[in-house]
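J.: Need coordinates for the below:
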Amino acid sequence: MKIKIPVGLLFLFCFYSCNSGNNSNETSTKVDEATITKGQTLFTQNCSGCHGFRQDGIGPRLDGITSDTTTAWIRNFIKDPQQFIESGDARAQELHKRYPVIMPSFAHLPDEDINAIIAFLGTKKGQGKDTTVDKNAIKNPIPDSIPLSNLVVNLKEIAQFPPSSEGGKLPLTRITQLGNQPGNSDLFILDLRGKLYKLENNKPVVYMDMAALRPKFVNVPGLATGFGSFAFHPDFAKNGLLYTTHTEVAGSGKADFAYPDSIETTVQWVVTEWKTDHPGQVPFSGKGRELFRINMVQGIHGIQQIAFNPFSKPGDKDYGLLYICIGDGGSVEEGYPFLAHSKEKPWGTIFRIDPSGRNSRNGKYGIPSDNPFVNDPDPKVLKEIYAYGFRNPHRISWAKSGQMIACNIGFSNIESVDFIKPGHDYGWPIREGNFLLKPNGNLNYVYPLPVNDSSYHITYPVAEYDHDEGNAICGGFEYQGNEVPQLKGKFLFGDIPTGRLFYTNVADMKQGKLAPIKKWRVAFNGEIKTLRQLCGTNRVDLHFGQDANGELYILTKPDGKLYQLESVVKE
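T.: Just a heads-up that it's a prediction; the model follows:
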């Protein structure tokens, strides 16, 4: 089948044809189709985490872009968006106003690859610009700005991680999670590109190499694919059990959770139990047992975190039970909202499983007897589900009270902090924060809640902010350490791309009302700095960590640095 190529792209194919040594139409068509196929692969690997063709994402939807502007403009923007914006280009500056997070440079891609991406974009016809304004939509969901507090916290640099990118391109690393083995204070830090490090004298030493352990491992596409998360069993010192999540290419294995073949699968997420030969050994040595794998429509919003309740003790019902945060995999913005917001499907849920059990459908893990839907008579209901209705339950943590907290990344308007209750529905994609969303409509719009809202039994956030303040919430922690007593009673979190820092007082976090949020700042070497200034780049990729003593850390991907919150400079 021949693919119709837009006139504006023909010069690309002339280039390829002229360099193929054969200018016949037959050869040209074959090269054209091969180029488009290559472009689709490159787009999936490099662009799909931020751009789609049905809805806006972190960046604008790209259907019809080759009709709206020239290929030269697209090429220049791909190569160096920040320089292009700073050059004064009107279109680039207008896009930056609408989408404040600047796209990373792809100058490392050869012209042949960029041309292939543009060729693929040319096959995506636009529906025409929608200039209509929905008068019922809320123009500015949260008009008040988050106030700046006087809180300034001094950062102490703990470690520098080795670059994991190719050719030194940003981000240099993809460090995203910090944790420890139960019973000791050793720190472990995860790089999504495949390495789990242990800090020894503040120097990173590779503890686990996922690419070596799982040859089908991939860390593209998307902003979060790769070695997703890790959790040591509470009895690790005795049983040597460690749990991980990672991505593999579509079709790498039979999925335990799948959807019709007519829906694209970009990656599979895999949850694995590892049995180490010697718990104290570095590097890791042992065998893995797959618990389950799940198909994902896109390379975004996969299995973002797995964790054990740190407050659970032997004999407690929660002891040894693994919580698994599963995003919607981009299914809603790709036009499949029916995959999310369902007790019969895993996408957009938090699982709670017993790794030592075997009463799951695949017989590889257990369903705890006190899970909220375990006695549901409907056989289609997934008894693993603990809570549902999330777009991306990016991070979970536990407050000192034992309350489980999740930070849920929104789509175009609202970022939220949620108290997690067993069996509760958190609304996505019919809600975003405290607002109505139309999942089959334009996801950029939110609306007032309906009069009969109580009949939906949605559990709403305890804190939220809109996209005037940031773009993607970074899950945080209630401070439970002793080195910075001024932080006690505060839940600290932030915004991933902008690196803005927020907190709310735990005492103000109550179901049924929204806790006030305040901004806070950091200082380094005695000087107040933004994280953008510390990283030297516009996109911070902020993440938080907490050690066994309750002390808090900040991780930044672009420069691969780990900082500890050391002291309060100003309050």
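
J.: residue ranges with poor pLDDT in this structure?
T.: 1-31, 44-45, 48-49, 54-55, 57-58, 97, 100-101, 126-132, 222 (pLDDT under 70).

J.: what ranges do the helices span in it?
T.: Per DSSP state H, the chain carries helices over the ranges 10-18, 25-46, 65-68, 71-79, 81-86, 90-98, 111-121, 210-213, 236-239, 531-535.

J.: Only alpha carbons, please: show the fourth one as PDB.
T.: Same thing as helix 71-79. C-alpha atoms of helix 71-79 as PDB (Å, rounded to 0.1, in the frame of the first residue of the first chain):
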ATOM      1  CA  THR A  71       9.800  21.400   7.500                       C
ATOM      2  CA  ALA A  72      12.800  23.800   8.000                       C
ATOM      3  CA  TRP A  73      11.000  25.300  11.000                       C
ATOM      4  CA  ILE A  74      10.300  21.800  12.500                       C
ATOM      5  CA  ARG A  75      13.900  20.700  11.900                       C
ATOM      6  CA  ASN A  76      15.300  23.800  13.600                       C
ATOM      7  CA  PHE A  77      13.000  23.400  16.600                       C
ATOM      8  CA  ILE A  78      13.900  19.800  17.100                       C
ATOM      9  CA  LYS A  79      17.600  20.500  17.000                       C
END
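
J.: What residues of it count as buried?
T.: Buried positions in helix 71-79, judged by neighbour count with 16 or more other Cβ atoms under 10 Å: 71, 74-79. Bear in mind the C-beta positions are built from the backbone N, C-alpha and C, glycine included.

J.: Looking at those residues, which one is closest to F435?
T.: Nearest to F435 out of these is F77 (Cβ to Cβ; 32.0 Å).

J.: closest one to Y465 among the helices of the chain?
T.: When the helices of the chain are compared (using Cβ to Cβ), the closest one is helix 531-535, at 16.9 Å.

J.: Please name every helix or strand in contact with the closest one.
T.: Contacts defined by 3 or more Cβ pairs under 8 Å, 6 or more residues apart in numbering; DSSP states H and E place helix 531-535 against strand 518-524, strand 552-556.

J.: who touches the longest one?
T.: Taking contacts as Cβ atoms under 8 Å, 6 or more residues apart in numbering, the residues outside strand 518-524 that touch it are 146-149, 151-155, 157, 492, 500-504, 528-531, 534, 554, 563, 569.

J.: likewise stretch 78-98?
T.: So stretch 78-98 is contacted by 60, 69, 73, 76-77, 102-107, 109, 114, 117, 538 (Cβ under 8 Å, 6+ apart).

J.: hang on, the earlier thing: how about the helices of the chain, which one is nearest N180?
T.: helix 236-239 (10.1 Å).

J.: Please save the CA atoms from that closest one in PDB.
T.: In PDB, the C-alpha atoms belonging to helix 236-239 read as follows (Å, rounded to 0.1, in the frame of the first residue of the first chain):
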ATOM      1  CA  PHE A 236      15.500  -8.900  53.300                       C
ATOM      2  CA  ALA A 237      18.300  -9.500  55.700                       C
ATOM      3  CA  LYS A 238      16.800 -13.000  56.300                       C
ATOM      4  CA  ASN A 239      15.100 -13.900  53.000                       C
END
